[in-house]
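A.B. asks: give the three-dimensional model of this entry:
(one chain, ligands or ions: 2)
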Amino acid sequence: MADDYLARIGKLIRDARKHRGWTQTELGAALGTSQSAVNRIENGGQNISLEMIARISEALDSEIVSLGYSGPMHLRVVGGRRLSGSIDVKTSKNACVALLCASLLTTGRTTLRRVARIEEVYRLLEVLNSIGVKTRWINDGADLEITPPAELNLAAMDQEAARRTRSVLMFLGPLMHRVDQFKLPYAGGCDLGTRTVEPHMAALRRFGLEVTATTGVYHAEVDRSVSPERPIVLTERGDTVTENALLAAARHDGVSVIRNASPNYMVQDLCFFLEKLGVRIEGIGTTTLTVHGLAEIGCDVDYAPSEDPVEAMSLLAAAVVTGSELTVRRAPVEFLEIELAVLEEMGLDYDRSPEYHADNGRTRLVDLTVRPSKLRSPIDKIHPMPFPGINIDNVPFFAAIAATAQGSTLIHDWVYDNRAIYLTELTRLGAKVQLMDPHRVLVEGPTRWRAAEMMCPPALRPAVVVLLAMLASEGTSVLRNVYVINRGYEDLADRLNSVGAKIETFRDI
Ligand SMILES: CC(=O)N[C@H]1[C@@H](OP(=O)(O)OP(=O)(O)OC[C@H]2O[C@@H](n3ccc(=O)[nH]c3=O)[C@H](O)[C@@H]2O)O[C@H](CO)[C@@H](O)[C@@H]1O
Ligand SMILES: C=C(OP(=O)(O)O)C(=O)O
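C.D. replies: Ligands and ions are numbered 1, 2, ... in the order given. Alright, predicted model coming up:
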């Protein structure tokens, strides 16, 4: 391994030297060393310090090895350690991305507090910046300030960044208020199988937005004579479709009623934000939203999105699988209530603090202290439902938890075509996970976890589940290419380390 690495660096040095047109002797002279030493370095036959690499880089005027962060990131996990202490839940990816899109509704400045510093947010910022929106991190990088230009330059949109997220779909709602015609690339996101955009199209059509799809691109055209006379009934109670309908309704000059709306956490955060823009909304937290839109919005807005229930669930699962006593602070309890009730049935010993409010003044938070518990499998299967139900993004964590419990647990993810399949990756770490069909896995516990080296599954939550299992596995595991985790979690490795985990990040050179 080390030899291979020296040979690769050696080759990079030879290439850079030749590019400069130097002989080995000339490079040796510039470094104050001999031709034969340079020859050994280039052949990978000599240990080389970072300081020497830096000197060679300087001499050749070429960055031999980037000490920046370009290559894929990997994690090395020394497992089998107990976690302890307390850890704070960060703001949610899913609210933050909706709010970034919503910032396009106002011509004023948007300030978002404690925005999660995650790849998904970075991709959307790249998209916003490319179309002329100014963004900057303020208050030591904690908060984000977003200032739209007078005219958006949609032709300059960073297609590559846009394609890497599904959230870019939520540009449809705000952009239709600013331009009559525009294009958006097909949305990406986790590889979870087919994810329909039809409900978005059907809802937005009611506001006059017609979208046709050609290879890789949505062409959107607005007919301003169309407005929703009747309630809009969503064909699916999806989160982003509800958000898109809200974004369209927010600047529709009149009252729009959205039925079969998702009352989920990110939708609530978006509603609270829209209220701050002056948009009146009745029914927040229910499945019928009545929106009193405003034709123009020009005010500055300052909003603090709430904490992420899925991150809270991830951290609870981390404590459970490692048999630790851990306090998960700032957990948005309303969006975890059913998960907690199931865990309680399974025998989880935990305490919750009195409730307090998130910085948005609305969402209820608690601190949850989990203690080592002897868990048994739940009597009924674990399956998600639109809120209020077990959150679909929390379901994968039940696989890791079920693997630590006595007995067998059936997990039925009816929603995504691919996500349950990735849970079988846990078998590499010693779990007994049987795929019954693409939507159902049977987990047999308890598990004697064992360390392994593997690639990250290409889906955020299953990837984190694998990481948690690695925390529980005695020995050293390696998880390769964790972009997908960084898409939704801020500094997860460091934060887990702060409560006793031992995770090292490293990159390919
Ligand atoms: C940025 C964001 O907020 N992403 C979340 C959002 O994605 P998003 O709102 O984009 O979710 P999708 O629209 O992809 O819906 C997820 C899947 O559920 C199906 N479906 C959904 C609702 C319904 O009533 N019936 C139904 O069958 C859809 O067909 C799809 O296959 O919601 C998903 C489901 O909660 C979460 O996993 C994502 O983390
Ligand atoms: C599926 C997820 O996200 P996205 O909608 O961004 O793909 C998720 O958060 O687990």
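
A.B. asks: hmm, T327 and R371 touching each other?
C.D. replies: No - between R371 and T327 there is no contact under C-beta atoms under 8 Å: 10.2 Å. Just so you know, the C-beta spots here come from the backbone N, C-alpha and C atoms, and that holds for glycine as well.

A.B. asks: neighbour count: those two, which is higher?
C.D. replies: Counted by other C-beta atoms under 10 Å, R371 and T327 do not tie: T327 has more neighbours, with 20 against 14.

A.B. asks: quick check: chain neighbours aside, which residue is closest to H74?
C.D. replies: Leaving aside its chain neighbours, H74 sits nearest to R480 (4.7 Å; criterion: C-beta to C-beta, 6 or more residues apart in numbering).

A.B. asks: return the distance of the one you found relative to ligand 1.
C.D. replies: To ligand 1, R480 is 23 Å away according to C-beta to the nearest ligand atom, to the nearest Å.

A.B. asks: and for that residue, the neighbour number?
C.D. replies: R480 has 15 neighbours, counted by other C-beta under 10 Å.

A.B. asks: do T196 as well
C.D. replies: Neighbour count of T196, defined by other C-beta under 10 Å: 11.

A.B. asks: what pLDDT does it get?
C.D. replies: On pLDDT, T196 comes in at 77.

A.B. asks: contact partners for the closest residue to it other than its chain neighbours?
C.D. replies: Nearest residue to T196, sequence neighbours excluded (C-beta to C-beta, 6+ apart): E236, at 7.5 Å. Contacts of E236 were listed using C-beta atoms under 8 Å, 6 or more residues apart in numbering, and they are T196, P199, N260.

A.B. asks: relative to ligand 2, which of the residues you listed is nearest.
C.D. replies: T196 (12.5 Å; C-beta to the nearest ligand atom).

A.B. asks: how far away is the closest one from ligand 1?
C.D. replies: For T196, the distance to ligand 1 - C-beta to the nearest ligand atom - is 5 Å.

A.B. asks: tell me the secondary structure of that residue, please.
C.D. replies: coil (DSSP: H, G, I helix; E, B strand; the rest coil).

A.B. asks: how far away is it from T327?
C.D. replies: Look at T196 and T327: by C-beta to C-beta, to the nearest Å, they are 39 Å apart.

A.B. asks: so what sits opposite L442 in the bridge?
C.D. replies: Counting by DSSP bridges, L442 is bridged to L410, Q434.

A.B. asks: tally of neighbours for it?
C.D. replies: Here the count is done by other C-beta under 10 Å, and L442 has 15 residues near it.

A.B. asks: again with V465
C.D. replies: Number of residues near V465 (other C-beta under 10 Å) recorded here: 29.

A.B. asks: I'd say it and A317 touch.
C.D. replies: Yes - with contact defined as C-beta under 8 Å, V465 counts as touching A317 (7.5 Å).

A.B. asks: which neighbours do these two share?
C.D. replies: Common contact partners of V465 and A317 (C-beta under 8 Å, 6+ apart): F397, A400.

A.B. asks: for stretch 464-484, buried residues please.
C.D. replies: Within stretch 464-484, the residues scored as buried using 16 or more other C-beta atoms under 10 Å are 464-473, 476-479, 481-482, 484.

A.B. asks: how long is that stretch end to end?
C.D. replies: Taking C-alpha to C-alpha, to the nearest Å, stretch 464-484 runs 9 Å from one end to the other.

A.B. asks: now do stretch 30-40
C.D. replies: So stretch 30-40: terminal residues 16 Å apart, C-alpha to C-alpha.

A.B. asks: what comes up buried for it?
C.D. replies: Quick answer for stretch 30-40 (16+ other C-beta under 10 Å): A30, L31, A37, V38, N39, R40.

A.B. asks: can you check stretch 302-315 too?
C.D. replies: For stretch 302-315, by 16+ other C-beta under 10 Å, it's 303-315.
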